[in-house]
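S.K.: fold the following.
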Amino acid sequence: MRFLISDEAREPRAALAALLRASWPDAEIEEWDPNMQGNPRRAIVGGGYSAVLLSAQAWGEPILGTVAEICRDPNSPPLLLLSDRGGETLAVKAIKAGASDFLLRRGLDAESLAKAVRDGMTERAAIARDASGRERERTMTLKLSALNTSQVDGSGPPEVPGYRALRQIGEGGSAMVYLAERVHDGKSLVLKVLDPALRSDSVFMARFVQEYKLLASLHDEDVAQIYDQGFAGNFPYIAMEYLPGGDLKAKIIEGITPRDALHVLSLIAKALDAIHRHGIIHRDLKPQNIMFRSEERPVIVDFGLARALASNFTLARKGQIIATARYLSPEQCLGQPADARSDIYSLGVIFYEMLTGRRLFDGASDKEILRLHLKSEPPKLAPHLAGYQRVLERLLARDPAYRYQSALELFANIAT
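M.R.: Numbering: from 1, shown residues only. Next comes the predicted model:
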């Protein structure tokens, strides 16, 4: 095995070399300093490398042009781009240019790097075997580790007419989520594809159809846009807006300052107000269902459990909790009717997580967590967070009458 590592700084080159040697102890590893040696393009093409790691603090358009030039040669080695920062927008550009993967250096381990290298080698070998010399449309299966995204399984995504699946970016109990391109204009979007085995399940299908109807009726900047719904064979799908900023869960894991937590809370309250003004409650609000556009504006997604405020329609099976227990309001725990104030309570649970980085309630089972929602008082915050205690207690009041009565009231309270 022979590798090339390019980075302007010696320390990152050495760190990546150590990760490679953990998997390939006998590998020949060359380091390249662009400041001293210039653009590595000529060294890469025809250099006989098993893989090339292009590493930098951040990437710009020039390097992506270089990547595209190198990867047009079917005999070029797999190129892995690494950086200290970046999101799916940059990752998609890198992979479209021909890079095998885009990885964040922070938190990268030997196993993840080795898998990315092996997958890249497999992919480039397949391209080289293409007798036409034309790079085939390919499913991008490599991990964007910074965003905690999932990998496409061995069967690959379903064929959805009019769309080209790029990679899997999520997975739920009833659906797989893919980053995709719309064929006619190259627009990046998300395909939410339902498990075909669930097509005969009336409850799940009702949720799927209802989500489309609710989203299609909403035209608001605070709600994810929906473009299309249909069936690809036995696979029901929804095509919806691509949100490159990741979800709130990832931001909580990274850490949010109290001031930023309050700012995000106000923006989510504004988004909730937009939904509630349309007569809709979400009923499954959680960090994974709050995503961000590239300009860091939160958008509420996943309306599979939402319903109109005036509707008596329910999608819950008898004796079964479909929503996420950790974020349920007490009235939802009791199976009572939920209104906009239920979403306010769920937002309180999220606010606690943003402030502390911890879960509000930990239990060994959903049943234990439900009991805690029904019996426990809002916890006391640490002294340096005491200024947020009153807001938290109103959000998490067990009796809906003592909560903020609307998302607009919450937004106005924070703003003043």
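S.K.: did I read that right, Pro236 in a strand?
M.R.: Yes. Following the definition DSSP: H, G, I helix; E, B strand; the rest coil, Pro236 is counted among the residues of a strand.
S.K.: just give the closest residue to it, not the sequence neighbours.
M.R.: Distances taken as CB to CB, 6 or more residues apart in numbering place Leu194 nearest to Pro236, at 4.2 Å, with adjacent residues excluded. Any C-beta I mention is one placed from the backbone N, CA and C, and that applies to glycine too.
S.K.: now the strands for this protein?
M.R.: Under the criterion DSSP state E, the chain contains strands at 2-6, 28-32, 51-56, 79-83, 101-104, 163-171, 175-182, 188-194, 226-232, 235-241, 280-281, 290-292, 298-300, 307-308.
S.K.: out of the ones you listed, nearest to Asn413?
M.R.: Put simply, out of the strands of the chain the one that sits nearest Asn413 is strand 298-300, at 18.2 Å, with distance taken as CB to CB.
S.K.: elements contacting that closest one?
M.R.: The helices and strands touching strand 298-300, judged by 3 or more CB pairs under 8 Å, 6 or more residues apart in numbering; DSSP states H and E, are helix 258-277, strand 290-292.
S.K.: ramachandran coordinates for the spatially most central residue of the chain?
M.R.: In the chain, the C-alpha closest to the average C-alpha coordinate belongs to Gly246, at a distance of 4.4 Å (CA atoms, centre = their mean). According to degrees, to the nearest 10, the main-chain angles of Gly246 amount to phi 80, psi -180.
S.K.: wait, it sits on Met291?
M.R.: Yes. Counting by CB atoms under 8 Å, Gly246 does reach Met291; the two are 6.9 Å apart.
S.K.: show me where pLDDT drops low in this protein?
M.R.: Per-residue confidence of the chain (counting by pLDDT under 70) places the weak regions at 58-62, 85-92, 126-158, 170-175, 197-218, 294-295, 303-323, 364, 416.
S.K.: tell me how it divides into domains.
M.R.: 2-137, 163-241, 248-415 (automatic domain parsing).
S.K.: ok, and the closest non-adjacent residue to Ser342?
M.R.: The shortest distance from Ser342 to any residue that is not its chain neighbour, by CB to CB, 6+ apart, is 4.0 Å, and that residue is Ser329.
S.K.: tell me how many other residues crowd the one you found.
M.R.: When counting by other CB atoms under 10 Å, one arrives at 27 neighbours for Ser329.
S.K.: make residue 1 into 49 and carry on from there
M.R.: Yep, numbering from 49; the last one is Ser377 now.
S.K.: ok, it - contacts?
M.R.: Contacts here follow CB atoms under 8 Å, 6 or more residues apart in numbering; on that basis Ser377 touches Ala386, Arg389, Ser390, Tyr393, Ser394, His421, Pro448.
S.K.: where's it relative to Ala386, distance?
M.R.: Taking CB to CB, to the nearest Å as the measure, Ser377 and Ala386 are separated by 7 Å.
S.K.: same check, this time on Leu333
M.R.: For Leu333, the distance to Ala386 (CB to CB) stands at 11 Å.
S.K.: the two: who's more crowded?
M.R.: Leu333 (29 against 23).
S.K.: distance of that one from Cys119?
M.R.: Separation of Leu333 from Cys119 (CB to CB): 42 Å.
S.K.: Glu59 now?
M.R.: The spacing between Glu59 and Cys119, counted by CB to CB, is 28 Å.
S.K.: which one of these two is surrounded by more residues?
M.R.: Shown here are Glu59 and Cys119; by other CB under 10 Å, Cys119 has more neighbours (21 against 8).
S.K.: end-to-end on stretch 280-300?
M.R.: Stretch 280-300 has its terminal residues 36 Å apart, counting by CA to CA, to the nearest Å.
S.K.: what residues sit buried inside that stretch?
M.R.: By 16 or more other CB atoms under 10 Å, the buried positions in stretch 280-300 come out as 280, 283-300.
S.K.: off-centre distance for that stretch?
M.R.: For stretch 280-300, the distance from its own C-alpha centre to the chain's C-alpha centre is 7 Å (CA atoms, centre = their mean, to the nearest Å).
S.K.: give me whichever of the helices and strands packed on strand 346-348 is most buried.
M.R.: For the helices and strands packed on strand 346-348, the largest average neighbour count (mean count of other CB atoms under 10 Å) is found in strand 338-340, namely a mean of 22.
S.K.: which other helices and strands contact it?
M.R.: If contacts are counted by 3+ CB pairs under 8 Å, 6+ apart, strand 338-340 sits against helix 296-302, strand 346-348.
S.K.: give me that answer again for 10 Å
M.R.: Helices and strands touching strand 338-340, by 3 or more CB pairs under 10 Å, 6 or more residues apart in numbering; DSSP states H and E, are helix 296-302, helix 306-325, strand 346-348.
S.K.: got a list of contacts for it?
M.R.: The list of residues contacting strand 338-340 from outside it, by CB atoms under 10 Å, 6 or more residues apart in numbering, reads 135, 238, 272, 289-299, 312, 315-316, 319, 345-350, 395, 398.
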